[in-house]
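Novice: Next one to model:
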Amino acid sequence: MTYAKASIFFSLIGLFIAYMIFPPINWPFGPNSMITIPIGLVIYLFGIGLGIVAIKRREPGILKYVSLACAIPLGVLLLLFLGFIFSGQI
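Specialist: Residues are numbered from 1 along each chain as shown. Model (predicted):
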C-alpha cells in the first residue's frame with residue numbers, strides 16, 4: 001500500500017470515527033462517547049501526515065493530491081462543528 005492510499009484510508013476512517021457522535025450517524029458508545037472525537041482526530045492527523053510524506057517522497061500519480069484535497073476540507077468542517085458545540089452557539 002502506498003502512502004497516498006494509506007493517507008486516504010486513515011483520513012476517512014479517522015473522520016468517520018470523529019463524526020460518529022454527530023447526527024445523522026450518531027452511534028453512541030455509552031457514557032464515554034465523547035472520547036471518539038480525539039481518537040478520530042488523531043487517526044485523521046496520522047492520515048494527513050501520510051499524505052504529506054507521499055508528497056515529500058514524490059510518489060507517482062495524482063492520488064497524493066486527491067487524498068489531501070478530500071481530507072483537509074472535512075477536517076475543517078469537523079473543527080467548525082467542535083467549535084460550535086463547545087462554544088454553545090449552534
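Novice: Just the helices from this protein, written as ranges.
Specialist: All helices of the chain, identified by DSSP state H, fall at 3-19, 36-56, 63-87.
Novice: State the mean pLDDT of the longest one.
Specialist: Over the span of helix 63-87, the pLDDT mean works out to 79.
Novice: so what does it touch, helix or strand wise?
Specialist: helix 3-19, helix 36-56 (3 or more Cβ pairs under 8 Å, 6 or more residues apart in numbering; DSSP states H and E). All C-beta spots, glycine's among them, are computed from the backbone N, C-alpha and C.
Novice: quick check: angle from the shortest one to helix 36-56?
Specialist: Read it as helix 3-19. Note on geometry: by axes from the mean of the first three to the mean of the last three Cα atoms, to 10 degrees, helix 3-19 and helix 36-56 are set 160 degrees apart in direction.
Novice: Which strands or helices does helix 3-19 pack on?
Specialist: With contacts taken as 3+ Cβ pairs under 8 Å, 6+ apart, helix 3-19 sits against helix 36-56, helix 63-87.
Novice: roughly how far out does it sit from the chain middle?
Specialist: 6 Å (Cα atoms, centre = their mean, to the nearest Å).
Novice: for that helix, which positions count as buried?
Specialist: By neighbour count with 16 or more other Cβ atoms under 10 Å, helix 3-19 contains the buried residues 3-8, 10-12, 14-15, 17-19.
Novice: and if you look at the last one?
Specialist: Applying a neighbour-count criterion of 16+ other Cβ under 10 Å, one finds 36, 37, 40, 41, 43, 44, 47, 48, 50, 51, 54 buried in helix 36-56.
Novice: from those residues, which single one is nearest residue 72?
Specialist: Nearest to residue 72 among the buried residues of helix 36-56 is residue 48, at 7.3 Å by Cβ to Cβ.
Novice: which ones are touching the closest one?
Specialist: Residue 48 is in contact with 7, 11, 68, 71, 72, 75, counting by Cβ atoms under 8 Å, 6 or more residues apart in numbering.
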